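In: coordinates only, sequence not included:
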């Protein structure tokens, strides 16, 4: 059937496109700078995640409906039909709730409204379906049930009857067209928000916080440990103060950008602890530390600094590359 083959290809393409749009939204919400903010409202966060998963799940159901062999038994025919129509209904709600979570109004098109009405009549409330002032009693014609659709008989207003031929493939294709359109609006909004954020900081580099003399500053701390006479110790303490101020500025800059994740915060806390312990040692306030302890702390400070320089460089590269 050429028409069915064409619709199948169209549906598969739309499912692929929606999958790519979903990836872009997931990439946004899983980026530290946005995830930290979104997690402040756990209900909204769960609404986003649940909606994304539900849309994805319903796409699987539609994909498998196309590829699966339609059952020969009447009971399973109903299960297939009920399941597919319910998946369409759930998918619409999930797209609406996903949009809502990001402050975007999701408008049901006339076609989506029609699909909801067909679902309600066929499997939602078939035994007493009130619509526009009339009450309908709906019957799926068992003998008409097939993978591509079925005939629905509707009785209403004391003996009036109508017959509706419901075609499944056009319904799936039309719905996915509107879902794709709504997903695209959301994806573009998030991409624009991300661009604005990057533009704000792209010329304010984290790497610049670690000034070119940082290696010299750190090396002077070593002199206070290895040659601990008065002037060396005093100078080493002033260098440690300078390093602490630099790292406070680095942490604040990460926090402002929303780039301070739990792992980096943990590393920074450890680094600041090492700096404080060395200051106590050089000031004579750490009787529990010996020269070997101080040298180990110094080695950690010197080497771990490279780790933070790498973090700064990676964040800077990301901001410059994607603006």
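Out: Here it is on my side, so go on. Quick caveat: nothing in here was measured; it's all calculated off a predicted structure. Numbering: from 1, shown residues only.
In: Identify the residue spatially nearest to residue 272, adjacent ones excluded.
Out: Distances taken as Cβ to Cβ, 6 or more residues apart in numbering place residue 247 nearest to residue 272, at 6.4 Å, with adjacent residues excluded. Glycine gets a C-beta too; all of them are placed from N, C-alpha and C.
In: For this structure, which segments count as helices?
Out: Applying DSSP state H to the chain gives helices spanning 2-29, 32-38, 42-67, 74-101, 110-119, 168-201, 214-226, 230-257, 262-282, 291-322.
In: Switch those helices over to JSON lines; also include mean pLDDT, mean neighbour count and distance to residue 162.
Out: What follows is the helices of the chain, written out as JSON lines (pLDDT from 0 to 100; neighbours: other Cβ atoms under 10 Å; distance: least, Cβ to Cβ, whole Å):
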{"stretch": "helix 2-29", "mean pLDDT": "94", "mean neighbour count": "16", "distance to residue 162": "25"}
{"stretch": "helix 32-38", "mean pLDDT": "90", "mean neighbour count": "16", "distance to residue 162": "48"}
{"stretch": "helix 42-67", "mean pLDDT": "97", "mean neighbour count": "16", "distance to residue 162": "27"}
{"stretch": "helix 74-101", "mean pLDDT": "97", "mean neighbour count": "18", "distance to residue 162": "19"}
{"stretch": "helix 110-119", "mean pLDDT": "96", "mean neighbour count": "17", "distance to residue 162": "13"}
{"stretch": "helix 168-201", "mean pLDDT": "95", "mean neighbour count": "18", "distance to residue 162": "18"}
{"stretch": "helix 214-226", "mean pLDDT": "92", "mean neighbour count": "17", "distance to residue 162": "80"}
{"stretch": "helix 230-257", "mean pLDDT": "94", "mean neighbour count": "16", "distance to residue 162": "61"}
{"stretch": "helix 262-282", "mean pLDDT": "96", "mean neighbour count": "16", "distance to residue 162": "61"}
{"stretch": "helix 291-322", "mean pLDDT": "92", "mean neighbour count": "15", "distance to residue 162": "55"}
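In: how about those in a markdown table, adding distance to residue 146?
Out: Converted to a markdown table, those look like this (distance: least, Cβ to Cβ, whole Å):
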| stretch | distance to residue 146 |
| --- | --- |
| helix 2-29 | 11 |
| helix 32-38 | 45 |
| helix 42-67 | 13 |
| helix 74-101 | 8 |
| helix 110-119 | 16 |
| helix 168-201 | 9 |
| helix 214-226 | 73 |
| helix 230-257 | 56 |
| helix 262-282 | 54 |
| helix 291-322 | 49 |
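In: Determine which of those approaches residue 152 most closely.
Out: Across the helices of the chain, residue 152 has its closest neighbour in helix 110-119 (7.7 Å, Cβ to Cβ).
In: quick one: contacts for residue 301?
Out: Applying Cβ atoms under 8 Å, 6 or more residues apart in numbering to residue 301 gives the contacts 218, 221, 243, 271, 274, 275, 278.
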